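> Sharing a sequence plus its predicted fold:
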Amino acid sequence: MEEVLETQVVVIGGGITGAGILRDLALRGIKAILVEQGDLGHGTSTRNHGLLHSGGRYAVRDPEAAVESYHENLILKKTIPGSIEKTGGLFVKLPEDDDDYAQKWLRSCKKLGIPVEEIPVEQALREEPYLNKKAQAVFCVPDGAVDDFTLLVDVCADAVRRGAKTLTYHKVTDIVTEQERVVGVCIRDVLTGMEKEIRADIVVNAAGPWGMEIAGMAGVPLKIINNKGMLVVFSHRFNKRVINRLRMPGDGDIFVPAHDVTIFGTTGVNTENPNDFSLSRPELEHMLADGKALIPSIDDMRLIRAYSGSRPLYQTSAGRGSSGRDVTRGMALLDHHERDGMDGFITITGGKLTTFRLMAEKTVDLVCEKLGVQANCTTNVETVSGRRTGDSFNKADIAPAARHKLRNWAGVQAPKIESALKEEESSHIVCECEQVTWAEIEAAMPEKGSFRLGGIRRRTRLGMGPCQGTFCNFRAAALAAEKGRATIEEADGALLHAVSERKKGMGVVATGETARQLLLMETIYRVSLGFGEEAHQNV
Amino acid sequence: MLDPNILETTYEKCLKCNACVASCPVSGVTLDFGGPKHLGPELKRLVDNQQIIDDKRIEFCTLCGNCDMSCPENVHVSTLTAYAKAIHTEKSGFSFRDFVLSNAELVGKMASAFAPVTNMAMKMKPIRKMMEKMMGIPEDRQFPNYQFKNFNRVYKNKTSGSKRKVAYFVGCYATYNAPEVAGSFVKVMEYNGIEVAIPRQKCCGIPMLANGRMNRAQKNASDNIESLLAYTRRGYDVVATCTSCSLALKKEYLSINGTDEARELAAHVYDADEYLRMLKEEGELNVNLAPMKDRAGYHAPCHMRAQGMGNPAMDMLELIPEYDVQDLGAGCCGQCGTFGFKKEKYDVSMKLGRTMAESVKDLGADYTVTECGMCKNQLDQLTDKAVKHPIQILAESYERAKRAI
Amino acid sequence: MYDVVVIGQGLSGMLSAIWAREEGCRTALVTTGAGKIMQSTGVMDLIPGSDGNLNEWMGIYHLGSWQQSRLNDAIRKFKTLMNRLGYPYKGEPQDLIPIVTGSGRIKHTALYPETISPVTEEGSAVVVGFNELTDFQPLFIRKNLQKERPLLSIDSIRIHLGKYSQRLMTQLDAARLLDQRDIRTDCIGQIKKQMAQKQIGRPDLFIFPASLGEDEWKETVGQFHSELRAKVTEAPGMPPNATAIRLNDRLKREAIRSGVRFYADTTVVGANMDGEEIKSLRIKTSGRVSNLSGKQFILATGGVLGGGFEITPEGIKESALHLETDSSGVMARLPVNLYPVGASKGVQMICHGIVGGVYTLLSTYEAVCGLRQSVTGGVGNA
Ligand SMILES: Cc1cc2nc3c(=O)[nH]c(=O)nc-3n(C[C@H](O)[C@H](O)[C@H](O)COP(=O)(O)OP(=O)(O)OC[C@H]3O[C@@H](n4cnc5c(N)ncnc54)[C@H](O)[C@@H]3O)c2cc1C
Ligand SMILES: Cc1cc2nc3c(=O)[nH]c(=O)nc-3n(C[C@H](O)[C@H](O)[C@H](O)COP(=O)(O)OP(=O)(O)OC[C@H]3O[C@@H](n4cnc5c(N)ncnc54)[C@H](O)[C@@H]3O)c2cc1C
Ligand code: SF4
Ligand code: SF4
């Protein structure tokens, strides 16, 4: 063991839960290090639907979760405005949907204080022309759309700005215990293979679907069932607002507008393996058949990719001692000292993206209690800096669409990017679909560590458009090598990896235009650029 | 009402293959233009159900339609660029939202919005020439002018009762610039014993689309559809001598108007030579054409090529004995967009023009034939050869044949 | 109405139409849009994405030995045409040559335009990129090429074209700029200056993007060659490559001038049959459907990529004439007067949705021969 770091709290998992905890800890002046095995958002936090729940979906089935969601929805809109688009949402009742449920839903929303407003069906059809003309009733709710990645990045950056540390591409390989007490973790730099140890008073397991593995390292029994959901991305954004179906929540009944695309889902299939991101065509077809009820022309619209993520569902049965503190039915905060007699170890799991702040608050409350720190949570009022930058980039000589994108995206990076754009080559567009300039890409590259297109994609939207990186992945990799930001091996490796990774997501939806797009990508790499068989090796 | 979220969904098929950019004549000569892929499908995707993005570079697009012709995925690129133009016009004129909401005040507001878009026309000499003339026409003035009305009345009396009846869409160009073309058309129809009526008509709307005046174009479209349907429903075929007009009636109205009526009308619209070629195939054409020993170069207007009908002008001209006509294959006269573009582009555009002029010269042709007034303007500037409409040649050949009897 | 109706405007469609005109047929060409030739590299491979030789090629495409001489005829015919059109092609399918691509990799190809030269194992080369051109990064190319050519001494330099655009500049844009003499001269000046500064000696080969002029490629290549006093080559890669656009534009112009009637922006949506024979095509232009009659029909609609086949959730479908295919897209029974060429011959022929240029030439040549043979109503009577 080469290096030993020390801190008060180690947070395992760079998903939104871990990030939220890190920021809350920082705000309360507690020293902490977050350890993540991949890039931020390697897990469920960038593999979800991006719906900022208004609570409407849970109003009948789980009133507690509904209220929590609505409450958090209001707080997040105020405190993290940069990652949220206040789209509003619609609940649409179709003829085949149960009238009783609709009545129950209305009564429950009223009781829970979730604002619901009925709008004339004609108006809804005018505003959302793809909606089923047979809709019987349409209700507006304050749903929103979250950019899960900017949310995660911004929350982490805010924590770091306040003194917290993050270690990405570091995997927790073991948990160090001394006499029924967790005292630290062993980690391995997955890029260099270097091993380190972090000593800490408390270790928080926020590893989502991997939570069971982590608990296992501490010798604590924990049962999590991973419920895998599939989501598909349409090539463009065809709805202004979130569209939900007014029925008992089921598969394939939500359409969320996300920047330039619409995301549709989802399903639920239990899986053992947290690394199982597999996609199934029958599952997709089943989901599309459901979706057709809300958006009848769904079959004519182009899907550009699919992805899946897992919801960790905590099973109370596996506890040794007490059953832990259920925060609500959906989220579980486990004090393993209380539950299993293992001090210094906490697991937080379940919940939703929408309620991550609350989960963090409860977790850090418990940490404070354990550390004997007196500090109140302030994440309900402290804001994270926004993304929109008004009239900046006026002088940049770039296409209006690229300027528009930057103004809604650059956030705190704006000054850096703006000055980079003064240089002609930095203002070249690299990704046309999503209008990403080289200046942005450079700003998104990590200071150290190897060159990866995935991280750049999530930070800039590079390659997220309909061509799925056919052109821009090559440009970005070649430019990185050219400008000394990557070695030739890194550039070629990243390129091949990105191509095969995109191919996986496209494969399952590859009919019609997307099949053609995929072939175009393959042909350009294999034939035009001469990669030949190389292009297949990385799959 | 202009809705930026028009249900024009072809853009989602775009593979970003760049075929349209490589084929766009304007993109070929200036880097100041954003190109069809970006200003068409790409931009549309970025604004759909989101904030509007106004890109001034759209002013360079001439709506020539070469992008549509090259797109293998059938994206209606120039419909999308026409919308980008409309957005630009409104954005640079006044608030887009106000525009959408205050439909009733549209006409008044349009007038004030008009100033910025003429900038484009100012950059494009031939368009400007044409626009200047058209600008002089009061907005609501209706066609046809008196001269035609009189002629029409006399003519109708002579041939009423013919099996086929034609409603002639004269178009601005033949009305105001080249009445001899209209005259020749009526003559050719007369030689074929076909009654010609001149329906009430407005400008087809293409120049308005080119200037981002979407609403105005839509208004004209619905007026023309109404007036022409009154004829087609009585058994008339609508025929135009201007290929931009016929393209508008056949194609553009389907996207800017999009009604069942637009579709109904489109099925009855013919380009003049296409109509004659149809007569030929049906064995109804008067083939008493006198030989003409001329040697001519034919320039195919983009809006003719965009109609997907082969090359009816060539097919017809080849029927004239001894007539020697050769397709120049020079693509878009393209330069129509380029003169007066930035100075450094001047050489390129002159060169392109010279290529076309040279092919006219190489051919040793006596004159050039083309259907389009804009192309004619361009040819007039770049060559010293006369430029004629194919219908004039046909009329001449019929005349000679008659004189020979 | 027409003797021959060609469906598709790719390499195979345009060549078919031109050759059918040469046979004296009244010819129409119906097409939705441009062919894949516009995204291609302008070189003609045997097996796309592979270095396989002629024998392997004949195996993959199920060709008989008697077709060898036809292949030679086809290539000769193509080369003659391209000579006449002012964009000559070199090379032989028996003798693949290594060329460098826009990623610095080596690929082997059979036929290539005069703007391209093979890359040697040894000697020296300089890769020249343009600052404005994102699709061609010289240092990246140099490093990759070095892996494949360890004995070659390679340098790279970047110069500027001196033009900025808010739109992404492509190799084709660069080619159009280099059509201008003053820009070329300025570029050559920059190259010389940088080589002097960096003390790079005169190399055996200069490697440029596929941008050495469009209309004036001859002047451009000539000027670079004579003033830099070394061989120059284009390294095609990211589309659009000027190497391919030159070919496309010249073939298209030739087709128009020779009297092929283009039905542009028009999609074939079906056929009217009379027994085993196609009487006419149902064609669709912006919502209007009409019939186009002809005696013989050439199906040049390409593979999945070109639009000739569609991958649907139910399987592969032939998209223009709705001919029945098996699960891999092989058409079961062809109408007697239909000749598939190029990538439309069926997916079993297709590597990654395309076929190489060489197969395209052969199949096109054979189809036009086929026209000649089935004389009834065919070319002989035209
Ligand atoms: C299909 C689907 C749709 C959803 N839609 C919504 C929605 O619309 N709205 C909403 O509010 N919520 C939604 N959710 C729920 C939401 O996404 C999750 O609740 C949330 O993302 C969980 O975040 P997390 O941080 O707990 O887990 P994760 O994001 O999975 O984070 C766990 C992290 O731990 C890391 N890790 C694991 N093991 C180790 C180790 N040994 N060492 C280091 N790091 C490790 C992982 O790499 C991972 O990044 C959805 C969930 C799914 C599955
Ligand atoms: C990116 C890329 C790189 C390539 N690089 C090389 C290379 O380096 N070397 C090499 O040898 N080859 C290369 N090729 C392949 C080569 O260009 C093609 O395989 C070859 O041109 C065969 O084309 P084709 O004429 O058969 O069909 P395509 O070029 O696919 O043309 C099909 C035509 O049919 C039209 N069409 C389709 N359906 C209809 C319909 N229903 N009605 C009307 N028209 C229709 C389309 O619009 C199109 O014009 C490349 C291809 C691509 C895409
Ligand atoms: S209409 Fe003509 S000028 Fe406009 S984008 Fe298309 S090809 Fe270019
Ligand atoms: S030609 Fe069509 S598919 Fe290709 S980039 Fe242009 S619009 Fe897109």
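It's in. Ligands and ions are numbered 1, 2, ... in the order given.

> Can you tell me the closest non-neighbouring residue to the residue in the stretch 151-300 of chain B that ligand 2 sits nearest to?
Closest residue of the stretch 151-300 of chain B to ligand 2, CB to the nearest ligand atom: B:Lys251 (16.9 Å). C-beta: built from backbone N, CA, C; applies to glycine. What sits nearest to B:Lys251 in space, not counting adjacent residues and going by CB to CB, 6 or more residues apart in numbering or on different chains, is C:Ser286, at 4.3 Å.

> Count the neighbours of residue 223 for me.
All of this is about chain A. Using other CB atoms under 10 Å in any protein chain shown, the number of residues around A:Lys223 comes to 14.

> Wait, chain C was what I had in mind.
Counted with other CB under 10 Å, the neighbours of C:Gln223 add up to 20.

> The strand or helix carrying it near chain B at all?
Secondary structure from DSSP states H and E places C:Gln223 in helix C:217-228. No: shown here: helix C:217-228 not in contact with chain B (CB under 8 Å from any CB of the partner chain), separated by at least 12.2 Å.

> Check what pLDDT residue 339 gets.
In the absence of a named chain, chain A is used. The confidence metric pLDDT takes the value 94 at A:Arg339.

> oops, I was thinking of chain C
The model reports C:Tyr339 with a pLDDT of 94.

> Contact partners for the residue lying closest to it once chain neighbours are set aside?
Leaving aside its chain neighbours, C:Tyr339 sits nearest to C:Ala367 (3.9 Å; criterion: CB to CB, 6+ apart). C:Ala367 is in contact with C:16, C:298, C:339-341, counting by CB atoms under 8 Å, 6 or more residues apart in numbering or on different chains.

> so after the helix holding C:Gln223, what's the next helix or strand?
The C-terminal neighbour of helix C:217-228 among helices and strands, as given by DSSP H and E, is strand C:231-235.

> Quick one: list the elements packing against that next one.
Contacts defined by 3 or more CB pairs under 8 Å, 6 or more residues apart in numbering or on different chains; DSSP states H and E place strand C:231-235 against strand C:97-100, strand C:205-209, helix C:217-228.

> rerun at 6 Å
In this structure, strand C:231-235 makes packing contacts with strand C:205-209, judged by 3 or more CB pairs under 6 Å, 6 or more residues apart in numbering or on different chains; DSSP states H and E.

> what about the residue nearest to C:Tyr339, is that helix, strand or coil?
Secondary structure, DSSP: H, G, I helix; E, B strand; the rest coil: C:Ala367 is helix.

> and the helix holding C:Gln223, how far out from the chain's middle?
Relative to the chain's own centre, helix C:217-228 is displaced by 23 Å; criterion: CA atoms, centre = their mean, to the nearest Å.

> which residues are in contact with that helix?
The contact list for helix C:217-228 (CB atoms under 6 Å, 6 or more residues apart in numbering or on different chains) reads C:115, C:178, C:184, C:188, C:206, C:212-213, C:232.

> burial count for whatever residue of the stretch 251-382 of chain C ends up closest to ligand 1?
Minimum separation of the stretch 251-382 of chain C from ligand 1 (CB to the nearest ligand atom) falls at C:Pro313, amounting to 22.5 Å. Close neighbours of C:Pro313, defined as other CB under 10 Å, add up to 12.

> Grab the nearest non-local neighbour of the closest residue to ligand 2 within the stretch 51-200 of chain B.
Going by CB to the nearest ligand atom, ligand 2 is nearest to B:Pro72 of the stretch 51-200 of chain B, at 4.1 Å. Residue nearest to B:Pro72 in three dimensions, not counting chain neighbours: C:Gly33, with 3.6 Å by CB to CB, 6+ apart.

> ok, which stretches of the stretch 151-300 of chain B are strands?
With strands called from DSSP state E, counting those that start in this stretch, the stretch 151-300 of chain B shows them at B:165-169, B:195-197, B:236-240, B:269-271, B:295-298.
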